[in-house]
Structures are given as C-alpha cells and as structure tokens.
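Enquirer: Sharing a sequence plus its predicted fold:
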Amino acid sequence: MAGDKLISILIPAYNEEIHLEALLERVLAARLPDGFGREIVLVDDGSTDETGEIAGRWAKAHPGTVRVFRHERNLGKGAAIRLAVEKAAGSVSIIQDADLEYDPGDYMRLLKPLIEHKADAVFGSRFGFSEERRVLLYWHTVANHFLTGLCNIVSDLNLTDMMTGYKAFRTSLMRTIPLRSQGFGIEPEITVKLAQRGSRIYEVPVSYHGRGYAEGKKIRLGDALQTPFVILWYGLRRDVYLNPGARILDVLAATPRFNEWMASVVAPYLGKRVLEIGAGIGNLTALLSRGRRKYTASDLDGEHVERLGVRFASNPRVRTRRVDAADAAGFAPLKSTVDSVVCLNVLEHVEDDRAGFANLHDVLAPGGRAVVLVPQGMGLYGSLDEVLGHCRRYTREELDARMREAGFDVERVFDFNRLTRIGWWVNGRLLRRRSFGRFQLAVFDRFVWLWKRLERVLPWGGVSLIAVGRKRG
C-alpha cells in the first residue's frame, strides 16, 4: 500500500513476552480510517525473555505487515522509538507501548485530526474524559501532573498529559527532528521539540489500563527525577532540525523585523493572485498573503508543504502545493491563473536555473509580474552557501540576462540588505562557519530600523539582488 495511505504502528518492546501476542492481535484487529492500511514496526530492545522469538513468529505469519528490528542490548525506549521512526513506511505513525496499558481501539480517535490535516501530532490523554480508566497509583498521577505542568511552562503548551505513551504524528515531520534521548526522556523531548518547531498539537482522551510495578511497569522513580532536567535541557536550547541547511533557515526565521522588511520591499509588486515558490514553513507567506484574493504557497520539500497546509488551514485564500521550480509539470495546473510570482532565495539552489526562470514566466498570465530574490556575488560564496545548498551567487548582469532570456521585460534590478554583506563574508569566507549565532541575529533584528536607513547610503552592494520582470501582453 502507498505510504500516504499507510499507518505505521511503532512498538518498542523490552521483556514483554506475557503481553506481546495479545497486543499484536489487538493492533491487527483495530479499526483504521477507510482506505488506510497498517504496518507494525516492532523494535525488540535487547529483550532477555522470549519477546524476540514471539515477534519473529508474528513477522513470519504476517509478512510485509509485521516487521521486526532488534537491538543486541537494551538501550531504552527512546532508542527503540528512534529506530522505529527511521524504519517506518507510513505517512502517519503511532507509538504503541507493548504492555496493554493503552487500547488500540482508540486509534480512530488519535488519527482523526491527522487524517483531516488539522494536526501535526496528536497526544492521547489519560486524564481527559474517556470511556474507562483504571484507578491506580496516586503518586504516579501527581508526578505526571507536575511534569506536564513544568513541560507546559517551558514549551508554552496546555497539555494535560505530556508523559502519555500514545503519541501520533506525521512520520516525515518526526524524521526531520533529531531525537537524542535513550530512555523515557523521549516523551518530554518529543513534546518540547514539536512545540519549538511550531507544530500544531491536538490532544484527545484515551482509555488507560495502567499496571502496577508488580505487574511489570518499567518507569521508575529515577526516570521521574531525571525528567525535569530533560525538559529544561531541551527547553533551553534549540535542537529541532537534522539538516544543517534547515538549521540555518530556522535561525533566520527568528528575525521577525527582518522578515517584515523583506516583505515590505516585495509586496508592492504583487497583485491579487499570487504564487510563492519556495515558501518553506511560511514566515513570509503569512506577511505576503495579506490582502490577496488567492495565494498559493508552494515548496519542493514535502514536509514543508504539509506544515504549510496545517499552518494556513483556517485561511481559505491560502492554498498549498508541491512545486519543483525546475519542473514544468508542477506549474501546468496553475498556468495563466496567477498574476504574480514571488521566488525568494530559491533559484540559486537549482542546477538548471534557466528552466526555473522559464517556468516562472510560463505560469504567469499575460502582463503578470515575477519578483525574484537571489544571493549576490560569487566573491561572497563560502561555507554558509555550501550548507544551504547554493549552486551559485549572481551578478546584477547575470540576473538581468536570465530574466530577459526567459521572456521578461525587466522593470528593476536592485540591491537588498547591504549591511550584512560584511557579516556574510566574515562568517562564510573568513571563519568558515556553518551556521549563525542566535544572539548575533537577535541583535541584528533588533536594529533593523537602523539598517533600513543605512541601506540608502552604504556604498557597496547588497547580500541579495531583487529583480522585477513583467510578462509581455
């Protein structure tokens, strides 16, 4: 079954020979949304009982549906989940503990906000109103409330059950997040990092059949005592992207004044029906879509497109789609339906940039405008460009020529962001850095009002060039 119609059920298992077969029966029998199939990704985390043998028998009996992976020694729940996420083939994943505390009958409730594209992640709360919940372990409940409250303070959420074992999420999203915790710290780590990524988290009530320590419960007092430190550790740093280029873009996203400045420069050239190429997670989309009749935010990265869809789900004028700037096929459904194309920091990533410029021209209605922003000057090309995946930086003459070759009448080519030219050269060429310091950018963003005034008088070129071209007719 295709990945977009497949649910991956991730089962970390350690010494669960008593419960595993009953659990697998329930997971295979659980109802799923219409049209969706399932796979079970079971990680035997170094079990010393018959967990591995049982899992192997079920994998043999259900080939392609039950897949089993093994750690040679016990590494912890976090390590098992990390491996399961890596191996998952479904578009959506659910973490399912192997101990029968959580009921697979709740899958429909967990999956609904994800399937309807309302959420990036859904947590199953043991403390919400549900059909049934075993009454057990008062002090365990107190500890859960305390840890959830602390996590809410750090991550600015209002969850009722952060430590829940039922967490469902878009698989592609979780794959882009570095997961470091080996043990039960994976629960707050996932929560804090989803919040830092700006993910839309839903919470639904689930049934809970808790077990006591005499029945094999594995989380201990030591795990609870470590959890506040895990929350603070991940809350006070920002480690939310695996890709180095994405980490730079994430840092740059934390410059709202600079983004508003860039939007204010670009917006006057845009009409009412706009296509944005390379929208990323939508920081400029939120600004540029104001006052438009129809705004299509697109990106090549499927994860970014999903994130855009969730972020702008409540705005009927903003639509999202996957578009490759160099592939004409992706533009075909939009041809002549837009009067403006905005393409910021995209074409320098494209090997065949001439095809990219041609596609911008072809998708426009006659008389429509394209606004293109690219980095300027190969003399600035350095480590930061390498991390970001830049194939080139442009001269004014090259940008003008590309626009004219594509068929545009070029109205303007002008410099943007002169001040940071020196900083880019120092960081990327001299110091060979591969990211920006957050403090450095915070200071820069604080004084954007001053940089805008200096922009008019500084004698050198900008870090970027902006070209405005009109399609004839």
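Expert: Received the coordinates, thanks.
Enquirer: Tell me the buried residues in the longest helix along the chain?
Expert: The longest helix of the chain (DSSP state H) is helix 138-155. Buried residues in helix 138-155, counted by 16 or more other CB atoms under 10 Å: 140, 143-144, 147-148, 150-152, 154-155. Just so you know, the C-beta spots here come from the backbone N, C-alpha and C atoms, and that holds for glycine as well.
Enquirer: quick one: it to chain centroid distance?
Expert: On the basis of CA atoms, centre = their mean, to the nearest Å, helix 138-155 is displaced by 26 Å from the centre of the chain it belongs to.
Enquirer: same question, stretch 393-411
Expert: The answer for stretch 393-411 is 33 Å, by CA atoms, centre = their mean.
Enquirer: Can I get that stretch as PDB, trimmed to CA atoms?
Expert: C-alpha atoms of stretch 393-411 as PDB (Å, rounded to 0.1, in the frame of the first residue of the first chain):
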ATOM      1  CA  ARG A 393      25.500  33.500  -6.500                       C
ATOM      2  CA  TYR A 394      24.500  36.100  -9.200                       C
ATOM      3  CA  THR A 395      25.900  39.300 -10.500                       C
ATOM      4  CA  ARG A 396      23.400  42.000 -11.500                       C
ATOM      5  CA  GLU A 397      24.200  41.400 -15.200                       C
ATOM      6  CA  GLU A 398      23.600  37.600 -14.800                       C
ATOM      7  CA  LEU A 399      20.300  38.100 -13.100                       C
ATOM      8  CA  ASP A 400      19.100  40.600 -15.700                       C
ATOM      9  CA  ALA A 401      20.200  38.300 -18.500                       C
ATOM     10  CA  ARG A 402      18.400  35.300 -17.000                       C
ATOM     11  CA  MET A 403      15.100  37.300 -16.700                       C
ATOM     12  CA  ARG A 404      15.300  38.500 -20.300                       C
ATOM     13  CA  GLU A 405      16.200  35.100 -21.700                       C
ATOM     14  CA  ALA A 406      13.100  33.700 -20.000                       C
ATOM     15  CA  GLY A 407      11.000  36.400 -21.900                       C
ATOM     16  CA  PHE A 408      10.500  39.000 -19.200                       C
ATOM     17  CA  ASP A 409      10.700  42.800 -19.700                       C
ATOM     18  CA  VAL A 410      12.900  43.700 -16.700                       C
ATOM     19  CA  GLU A 411      11.500  46.700 -14.800                       C
END
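Enquirer: Okay, buried residues for that stretch please.
Expert: 393-394, 398-400, 402-403, 406, 408, 410.
Enquirer: for those, which one is nearest Val350?
Expert: Comparing these against Val350 with CB to CB picks out Arg402 as the nearest, at 11.0 Å.
Enquirer: what packs against the helix or strand that contains that closest one?
Expert: Using DSSP states H and E, Arg402 sits within helix 396-405. Other helices and strands packing on helix 396-405, by 3 or more CB pairs under 8 Å, 6 or more residues apart in numbering; DSSP states H and E, are helix 353-363, strand 364-375, strand 408-416, strand 464-471.
Enquirer: among the ones you listed, which is nearest Ser8?
Expert: helix 353-363 (34.9 Å).
Enquirer: Could you name the helices and strands sitting against that closest one?
Expert: Partner elements for helix 353-363 (3+ CB pairs under 8 Å, 6+ apart): helix 328-331, strand 338-344, strand 364-375, helix 396-405.
Enquirer: quick revisit: can you list the strands that the helix or strand following the longest helix of the chain pairs with?
Expert: Where DSSP H and E defines the elements, the next helix or strand beyond helix 138-155 is strand 167-170. Applying DSSP bridges, strand 167-170 is found paired with strand 92-95 (antiparallel), strand 121-125 (antiparallel).
Enquirer: Contacts for strand 167-170, please.
Expert: By CB atoms under 8 Å, 6 or more residues apart in numbering, the surrounding residues in contact with strand 167-170 are 91-95, 110-111, 114, 120-124, 187, 190, 194, 303, 306.
Enquirer: again, 7 Å this time
Expert: Contacting residues not belonging to strand 167-170 are listed as 91-95, 110-111, 114, 120-123, 190, 306 [CB atoms under 7 Å, 6 or more residues apart in numbering].
Enquirer: now what about the next helix or strand after that strand, what contacts it?
Expert: Next helix or strand after strand 167-170 toward the C-terminus (DSSP H and E): helix 171-175. The list of residues contacting helix 171-175 from outside it, by CB under 7 Å, 6+ apart, reads 8, 85, 88, 90-93, 120, 199, 302-303, 306.
Enquirer: now the closest residue to Ala13 other than its chain neighbours, what's its secondary structure?
Expert: Residue nearest to Ala13 in three dimensions, not counting chain neighbours: Ala98, with 4.0 Å by CB to CB, 6 or more residues apart in numbering. Here Ala98 is coil, with the state taken from DSSP: H, G, I helix; E, B strand; the rest coil.
Enquirer: Count the neighbours of Ala98 for me.
Expert: Neighbour count of Ala98, defined by other CB atoms under 10 Å: 29.
Enquirer: just Pro268 next, same as before
Expert: Neighbours of Pro268 using other CB under 10 Å come to 8.
Enquirer: cool, and Pro104?
Expert: 23.
Enquirer: list the contacts for the residue nearest to Val338 when sequence neighbours are not counted?
Expert: Excluding its sequence neighbours, the residue lying closest to Val338 (CB to CB, 6+ apart) is Leu275, at 4.4 Å. By CB under 7 Å, 6+ apart, the residues touching Leu275 are 296, 298, 334, 338, 341, 363.
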